[in-house]
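Colleague: pasting the structure only:
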């Protein structure tokens, strides 16, 4: 089993920044791609970013490219999502998810293990 715990969410004004963190424990962290998804009220869960193993390959949804950076610290078993120039439309619950595979995907079904989520609210 793999456990994921997100942190770093909060309330920020438009144009501000937040850094989300995902701590991964349990079965091996290595050889797993990890992704971030988000879900706004009344909307479906949406892919945000993902990083493969060991951390060279990354993928982003078009709406966050240039504003968001995903990274991983394999020694600390953590994944970070640095979000800059935040917009009100970024408001959502953000989820970290780990795959059984080394490669990324934009599909939620690719990721087997999920955290509980952290709320990000961007005010205008």
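Modeller: Done, it's in. Model, not experiment: these values are computed from the prediction.
Colleague: which ones are touching the most centrally placed residue in the chain?
Modeller: By CA atoms, centre = their mean, the chain has its centre lying nearest to residue 36, at 2.4 Å. Neighbouring residues of residue 36 by CB atoms under 8 Å, 6 or more residues apart in numbering: 20, 22, 48, 49, 50, 70, 79, 81, 94, 95, 96, 97. Just so you know, the C-beta spots here come from the backbone N, C-alpha and C atoms, and that holds for glycine as well.
Colleague: So which of those wins on neighbours?
Modeller: residue 79 (29 neighbours; other CB atoms under 10 Å).
Colleague: partners of the helix or strand that one falls within in the sheet?
Modeller: Using DSSP states H and E, residue 79 maps to strand 78-83. In the sheet, strand 78-83 lines up against strand 18-26 (antiparallel), strand 68-73 (antiparallel) (DSSP bridges).
Colleague: I'd like those strands as JSON lines, with mean pLDDT and distance to residue 111 appended.
Modeller: Listed next are the strands paired with strand 78-83 as JSON lines, based on pLDDT from 0 to 100; distance: least, CB to CB, whole Å:
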{"stretch": "strand 18-26", "mean pLDDT": "94", "distance to residue 111": "12"}
{"stretch": "strand 68-73", "mean pLDDT": "97", "distance to residue 111": "14"}
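Colleague: could I get those strands as JSON lines with distance to residue 62?
Modeller: Shown next, in JSON lines, are the strands paired with strand 78-83 (distance: least, CB to CB, whole Å):
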{"stretch": "strand 18-26", "distance to residue 62": "19"}
{"stretch": "strand 68-73", "distance to residue 62": "11"}
